[in-house]
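In: build the 3D model from these lines:
(one chain, ligands or ions: 1)
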Amino acid sequence: MIFAVVNIMIKVMAINAGSSSLKFKLYDMPEETVITEGVVERIGLEDAYYTIRINGKKVKTILPVKDHKEATNLLLADLVKRQIVHSLKEIKGVGHRIVQGGDYFPDSVLVDENVIARIDELSALAPLHNPAHLTGIKAFIEVLPDVPNIVVFDTAFHQTMEQEAYMYALPYEWYTKHRIRKYGAHGTSHQYVANKVAQVIGVPIEQLKIVTCHLGNGASLAAVKGGKCVDTSMGLTPLEGIPMGTRSGNIDPAVVEFVAMKENMTVSEVLYALNHKSGYLGVSGISNDSRDLEAAMQKGDQRSKLALDIQYKRIADYIGSYYVYMEGIDVIVFTAGIGENCSRCRNEVLKRIKVLGVEIDEEANNTTKPEIKEITTKNSKIRGFLIPTNEELVIARDTVRLAKLI
Ligand code: AMP
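Out: As a prediction, this is how the structure comes out:
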């Protein structure tokens, strides 16, 4: 008897919809190969940008794109036109990133009307993100009505925190009435790199105490004990935690009223400044990009150095507190734009926690490539790693898992 080996190949789309953008990555699963990726930006304008990667090269078109539905139609029609898919029927599932899932969603979930209503309700906590994600979901439901949609929440991984870690010491009714508590963010990334590093060092994640540092324009840390998140630096919103590209991170809340009075600003205006004009940008007065700050610092700009130093000190503070909370740390992981690319940032952070027995391998750390790499010496009591994040892959995997595609 002859048995034929049949390779099941499923095409799955990972979507990250912003208020005026729609990022996509098309995967072949279960191989996890990226077929193509791209973005529609400036949605709503006459001169929107549509960029798609073809044979390793970015192809950019400028054209009017009215809304997310039009962006979705444009992308799907282009996939067929370029014969990336022969028919849209080949796309078996679509996974969407959602910033805020509140305490409703400890895992990714298949989209139905209730899920849409919950995401909508949570827009109050993520006004810039959740409504935009919903426009993306609705566009795909309209354009591909027979294809299952899955949502993957940035908050889900942090749902395992104990009450003492996620509650604020505020009037309790603010929690019961308004659900004010820590939810965290970047959970998909923290989860991915924590699992990846466990796999790389060949130790079951259940036996590890890991600190994951997602350092991008937005930045957060997570303490992961036995594979579960026990604490994270972002809070009710992404404003809490370490200073970032344009966000202040933790400050004395009294600053808000003080500045409002002194500068004749509303609370919303002050919060806007804390979100968009602070962090690297606010302190340096130059840029929200670590590359610009490093270049300015090399030329002697002290405020750029200060902006970076404040952030490095705060990262070290969090690592120290997680060391105590988890009763030790086995591995520290650096990821995202800055964590993956900025060797000086990793060096400065690890230097500041030398007292914990960390010994940096300067040569290994001095890499410009974002690739999986150990950056501490054999003698280091805590192992340090650079692990490129891959949130879209988690979305594609969860889409396959929850839509039961394989
Ligand atoms: P993300 O939000 O993860 O895309 O990270 C974006 C940030 O990463 C940028 O604002 C830069 O500050 C930083 N970044 C990206 N590439 C580099 C690089 N080669 N060197 C230093 N920082 C980088």
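
In: three-state assignment of V59?
Out: strand (DSSP: H, G, I helix; E, B strand; the rest coil).

In: what parts of this structure come near the ligand?
Out: Contact residues, the chain versus the ligand (C-beta under 6 Å from any ligand atom): G216, N217, G218, G245, D289, S290, R291, A336, G337, I338, N341, C342. In this view, the C-beta of every residue, glycine as well, is placed from N, C-alpha and C.

In: now for these, which pair is the farthest apart?
Out: Greatest spatial distance in the residues of the chain next to the ligand: G218 and R291, 16.5 Å, computed using C-beta to C-beta.

In: neighbour count: these two, which is higher?
Out: G218 (20 against 12; other C-beta atoms under 10 Å).

In: I figured the more buried one hits M244, correct?
Out: Yes. G218 lies in contact with M244 (C-beta atoms under 8 Å); the separation is 5.6 Å.

In: continuing past the helix ranked longest in the chain, what's the next helix or strand?
Out: Longest helix in the chain by number of residues (criterion: DSSP state H): helix 302-325. Downstream of helix 302-325, the next assigned helix or strand under DSSP states H and E is strand 331-335.

In: after that following strand, which helix or strand is next?
Out: Following strand 331-335 in sequence, per DSSP H and E, is helix 336-341.

In: what's in contact with that following helix?
Out: Here helix 336-341 makes contact (C-beta atoms under 8 Å, 6 or more residues apart in numbering) with 186, 189, 213-217, 219, 290, 333-334, 345-346, 368, 370, 386, 388-389.

In: buried subset of the residues you listed, written for PyMOL?
Out: Those of the contacts of helix 336-341 that count as buried under 16 or more other C-beta atoms under 10 Å are selected in PyMOL with:
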select buried, resi 186+189+213+214+215+216+217+219+290+333+334+345+346+370+386+388+389
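
In: hang on, the earlier thing: can you add pLDDT and give the residues of the chain next to the ligand back as CSV?
Out: Shown next, in CSV, are the residues of the chain next to the ligand (pLDDT from 0 to 100):
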residue, pLDDT
G216, 95
N217, 92
G218, 94
G245, 96
D289, 95
S290, 95
R291, 95
A336, 96
G337, 95
I338, 96
N341, 95
C342, 96
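
In: find the closest residue to the ligand in the stretch 251-400 of the chain.
Out: Closest to the ligand within the stretch 251-400 of the chain is G337: 2.0 Å, counting by C-beta to the nearest ligand atom.

In: against G279, how distant is Y168?
Out: 22 Å (C-beta to C-beta, to the nearest Å).

In: between those two, which is the more surrounded one?
Out: A count of neighbours by other C-beta under 10 Å puts G279 above the other of Y168 and G279, at 25 against 14.

In: quick one: that one and I286 touch, right?
Out: No. Applying C-beta under 8 Å, one finds G279 not in contact with I286, separated by 11.8 Å.

In: could I get the full set of strands for the chain?
Out: Counting by DSSP state E, the segments of the chain that form strands are 10-17, 22-29, 33-41, 48-54, 57-63, 91-98, 109-110, 149-153, 209-215, 219-225, 228-232, 331-335, 373-374, 383-386.

In: tell me which strands the first one pairs with, and in which orientation.
Out: What that stands for is strand 10-17. If you go by DSSP bridges, strand 10-17 pairs up with strand 22-29 (antiparallel), strand 91-98 (parallel).

In: give the rounded mean pLDDT of stretch 257-269.
Out: Stretch 257-269 carries an average pLDDT of 98.

In: please consider this matter closed, and thank you.
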